[in-house]
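In: Only the shape, not the letters, is given here:
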């Protein structure tokens, strides 16, 4: 009688199979670390966590097909220990638009950067006194928002932070 393998035994077998069939390049770990270090040498970003998303377009986080939600609007809510972010992506007269609000409302630069081969245009703006920012024509595709607070003596200001990639 054959014994049924445990989950750990199955995972070990799969790992062993992929080490033979498709091993990682020898320099993968060092290359990734070097790329991350070179990406932004003077800033260490805190990565926000997605708290909630509503009305997200089909094919991104939804198996539902056939409805017309891919033109938006939808909202993404992110949070960390030091800040809270709400992002609204919509389409106005056929053009994508991003509106956002960040708490605490401190002076900071906001960068919208494309991820991969995206139609998103790299842009920069500032958070206003109420924590609001906008990008009126970001294009469409995958993007990431990065925030760098203005230099100052405020110990309660958040450190630089960024969102995971999302679809515009």
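Out: Cool, got the structure. These numbers come from a predicted model, not from an experiment.
In: so what's residue 148 bridging to?
Out: As for beta bridges, residue 148 partners with residue 109 under DSSP bridges.
In: Okay, helices next: where are they in the chain?
Out: 7-21, 28-39 (DSSP state H).
In: Select from these the stretch with the lowest mean pLDDT.
Out: Between the helices of the chain, the lowest average pLDDT goes to helix 28-39, which shows a mean of 62.
In: so who does residue 147 touch?
Out: Residues in contact with residue 147 (C-beta atoms under 8 Å, 6 or more residues apart in numbering) are 83, 85, 102, 108, 109, 110, 111, 127, 158, 160, 161, 162. C-betas here are computed from N, CA, C, even on glycine.
In: Quickly note the distance from it to residue 23.
Out: 38 Å (C-beta to C-beta, to the nearest Å).
In: ranges for the strands of this protein?
Out: Secondary structure of the chain (DSSP state E): strands at 46-47, 49-54, 74-79, 84-92, 95-103, 108-114, 123-126, 132-135, 142-149, 161-162, 166-167.
In: Quick one: work out the angle between the fifth one and strand 84-92.
Out: Put simply, strand 95-103 runs at 160 degrees to strand 84-92, going by axes from the mean of the first three to the mean of the last three C-alpha atoms, to 10 degrees.
In: What is strand 95-103 packed up against?
Out: Applying 3 or more C-beta pairs under 8 Å, 6 or more residues apart in numbering; DSSP states H and E, we find strand 95-103 packed against strand 84-92, strand 108-114, strand 132-135, strand 142-149.
In: repeat that with 7 Å
Out: strand 84-92, strand 132-135 (3 or more C-beta pairs under 7 Å, 6 or more residues apart in numbering; DSSP states H and E).
In: buried set for the last one?
Out: Right, the one you point to is strand 132-135. With burial defined by 16 or more other C-beta atoms under 10 Å, the residues of strand 132-135 counted as buried are 133, 135.
In: next one: stretch 86-106
Out: 86, 87, 88, 89, 96, 97, 98, 99, 100, 101, 102, 106.
In: Same question for stretch 120-140.
Out: Quick answer for stretch 120-140 (16+ other C-beta under 10 Å): 120, 121, 123, 127, 131, 133, 135, 138, 139, 140.
In: just how off-centre is it within its chain?
Out: 15 Å (C-alpha atoms, centre = their mean, to the nearest Å).
In: State the mean pLDDT of that stretch.
Out: Stretch 120-140 comes out at a mean pLDDT of 92.
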